[in-house]
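*Asks:* sequence? don't have it. structure:
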Ligand SMILES: Cc1cc2nc3c(=O)[nH]c(=O)nc-3n(C[C@H](O)[C@H](O)[C@H](O)COP(=O)(O)OP(=O)(O)OC[C@H]3O[C@@H](n4cnc5c(N)ncnc54)[C@H](O)[C@@H]3O)c2cc1C
């Protein structure tokens, strides 16, 4: 069997690349290999589904702006409403240095045209009276283009609207000769020769790279999400709020969704999806109750754990071709923000594979070269 392009991993990133390849170069044959078509353990299905413009790196701002425009356009494009709740993100700082970081980020975001406002503690209190603001130094609120949406819906939109070949199989080896991936070996015993190979394996990205002898500093890190009920809910329109403690919370229908960055954050086994319940009891609830009396009487409803494909170097995506194995392409290491990046990354990687260059957004600085040089592309706004 032969395919012009083989994509390992068919969740949101792999599907976004495949759909864009179909738009840009319909003459190419494209095959997605997916080991679990239920996607039950994929990061995509377990995501908190947020999209924001509030990044410290201008390219990440532009990538999300592309993403939100794409999401808003899916009703017209695909007849699909992804239920975007455009309620914003609200970052809080409680130190002078934290306020300075918010100001610097704000300058970057405004230069990219993001609709973000800085609020003093008094202005914040006027806007959200239930919040305790005495300890705060500054807040940053997204006024439009930020919120949350249907993550699985986005993946399914890409899948339903492309005509690629999908194989339920597992990539177990790559045959590399003279600086090219020649063939992909599957658990079923099949071997498919290819013109280009794209790694879209999420938390498994390092294992797939290793099959070509490539080191990729991406590992599975566990994040637990919780939903809870509130005895007396705060007023409607609460954004996704990121407390200075790192605890975040947002409305989820009639309920609330929350999580935190764990204090101890080791790589975990690929099959370890045991939620860390103690994070809710010991970190999240105390922080939320201190921030708002509305969160004093809450009852946890459900919890689940998913894996970030955590880029240990800088928590930023790695995209583009390998400098030596020139038809091996990365779409990896998205850490906590890959869902919102799928539209732009899908477009960019497809352009690079089919046209030989980025055309829409220049993603060059996300390239693998920085990994080789050990030079992080630091993103200060990570959740
Ligand atoms: C709890 C949590 C909350 C998050 N919140 C947000 C958020 O609010 N906003 C945001 O933008 N992002 C968020 N993210 C990150 C986002 O979900 C991911 O970055 C994004 O879904 C990555 O998509 P992916 O397709 O790269 O990976 P995945 O969705 O993990 O898909 C990878 C696929 O590759 C397949 N695969 C792996 N190995 C093989 C193999 N050998 N052969 C064949 N197939 C293989 C897997 O089965 C899987 O289906 C969150 C993630 C988690 C875990």
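*Replies:* Yep, that arrived. Since this is a predicted model, take the numbers as computed values, not measurements.

*Asks:* surely residue 61 meets residue 51?
*Replies:* No - here residue 61 does not reach residue 51: they are 11.6 Å apart, not a contact under Cβ atoms under 8 Å. No exception for glycine: its C-beta is placed from N, CA and C like everyone else's.

*Asks:* how about the most centrally placed residue in the chain: what's its closest non-neighbour residue?
*Replies:* The residue lying closest to the centre of the chain (Cα atoms, centre = their mean) is residue 338, at 2.0 Å. Distances taken as Cβ to Cβ, 6 or more residues apart in numbering put residue 13 closest to residue 338, at 6.3 Å, once the chain neighbours are dropped.

*Asks:* so that neighbour makes contact with residue 346?
*Replies:* Yes - if you go by Cβ under 8 Å, residue 13 and residue 346 touch, sitting 6.9 Å apart.

*Asks:* please say which of these two ends up with more neighbours.
*Replies:* Taking other Cβ atoms under 10 Å, residue 13 and residue 346 do not tie; residue 13 has more neighbours (34 against 27).

*Asks:* for that one, grab phi and psi.
*Replies:* With angles defined as degrees, to the nearest 10, residue 13 sits at phi -70, psi -50.

*Asks:* cool, and residue 367?
*Replies:* Dihedral pair for residue 367: phi -70, psi 160, per degrees, to the nearest 10.

*Asks:* name the helix or strand for the residue nearest to it when sequence neighbours are not counted, please.
*Replies:* Nearest non-adjacent residue to residue 367, counting by Cβ to Cβ, 6+ apart: residue 320, 4.3 Å away. Using DSSP states H and E, residue 320 sits in strand 318-321.

*Asks:* so which elements touch the longest helix along the chain?
*Replies:* If you go by DSSP state H, the chain has its longest helix at helix 58-78. Contacts defined by 3 or more Cβ pairs under 8 Å, 6 or more residues apart in numbering; DSSP states H and E place helix 58-78 against strand 50-51, helix 96-111, helix 151-160, helix 338-355.

*Asks:* quick check: next helix or strand after the second one?
*Replies:* Tracing the chain past helix 96-111, the next element assigned as helix or strand by DSSP H and E is strand 116-119.

*Asks:* can you mark which positions in that following strand are buried?
*Replies:* By 16 or more other Cβ atoms under 10 Å, the buried positions in strand 116-119 come out as 116, 118-119.
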